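Chemist: Got a sequence here, can you model it:
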Amino acid sequence: MPASLYLIFIGLLIPFIGLVTFGVRGALIYFSVRDTCYHAAKASTFTNAKAIAATTWANDLKLWGGSTGTQTTYVVVHQLSGTDPPPSVSPLPASPAPDPTKANYFIRVVANCSIQPLFGGSWQGMQVPGLTVPYNLQMNYEYYAENPSGLTQ
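Modeler: Here you go, the predicted structure:
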C-alpha cells in the first residue's frame, strides 16, 4: 500500500500538476498575444498601435504571472493580387496610400516567451523543459487593422 501511494502521488500526480500548470501558462500566453493584437489593431495610427500593444502585453503578463517575454508589433500587407511585401516594424510609406481595394492590412504581434515551471531543479536527475526548467516558445497572431490609412503614421 505505501509503495502504491508513493507511485500515485509522487510519480504521477505531482508531475501531472506540473504539466497542467505548464499548459495553463501556455494558454495564458496565447490569450495575451491575442489580446495584445486585438487592441493594437483598433488603434488610429501604427505608432499608437505599438504603444497600446506594449501596454497591453505588460499588463497581461503581470496579471497572469508565471511567464516572461517580449513582443514585437508588425504591419502586414496581404496583396489581393501579386506578391506580399515583408512585414514591417515601422509605419507604411505615405505614398502610395494604403488602398483596401487592392490589399488587406493586418497587425501582427510576435511574442518570444519563456514559461516558468512550477517546480525547479531537476526531476530524477533530468532537466525537463516545462517541468523543471523554463520552456521557450514563440507565438504570433494577426488581426485585421481597422484603420488602414493610419498605418502610415
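Chemist: hey, let's count contacts and neighbours off CA atoms from now on
Modeler: OK.
Chemist: Please report how far Leu118 lies from Leu131.
Modeler: The gap separating Leu118 from Leu131 is 7 Å, by C-alpha to C-alpha, to the nearest Å.
Chemist: More neighbours: the two, which one.
Modeler: Leu131 (26 against 19; other C-alpha atoms under 10 Å).
Chemist: Please identify every residue contacting each of Leu118 and Leu131.
Modeler: Shared contacts of Leu118 and Leu131, defined by C-alpha atoms under 8 Å, 6 or more residues apart in numbering, comprise Gly18, Phe22.
Chemist: Name the surrounding residues that touch stretch 84-100.
Modeler: Contacts with stretch 84-100, where a contact means C-alpha under 8 Å, 6+ apart, come from 46-47, 72-78, 148-149, 151-153.
Chemist: what about that stretch, how long is it end to end?
Modeler: Using C-alpha to C-alpha, one end of stretch 84-100 lies 14 Å from the other.
Chemist: Please narrow the contacts of stretch 84-100 to those residing in strands.
Modeler: The strands, defined by DSSP state E, take in Thr72, Thr73, Tyr74, Val75, Val76, Val77, His78 from those.
Chemist: Can I get the residues you listed in CSV including pLDDT and distance to Pro87?
Modeler: Output for the ones in strands among the contacts of stretch 84-100, formatted as CSV (pLDDT from 0 to 100; distance: C-alpha to C-alpha, whole Å):
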residue, pLDDT, distance to Pro87
Thr72, 90, 11
Thr73, 91, 10
Tyr74, 89, 6
Val75, 88, 6
Val76, 86, 5
Val77, 87, 7
His78, 86, 10
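Chemist: Quick check on these: which are buried?
Modeler: Among the ones in strands among the contacts of stretch 84-100, those buried by neighbour count (16 or more other C-alpha atoms under 10 Å) are Thr73, Tyr74, Val75, Val76, Val77, His78.
Chemist: quick one on the thing from earlier: quick check: the two most widely separated of the ones in strands among the contacts of stretch 84-100?
Modeler: The largest separation in those, counting by C-alpha to C-alpha, is between Thr72 and His78 at 18.8 Å.
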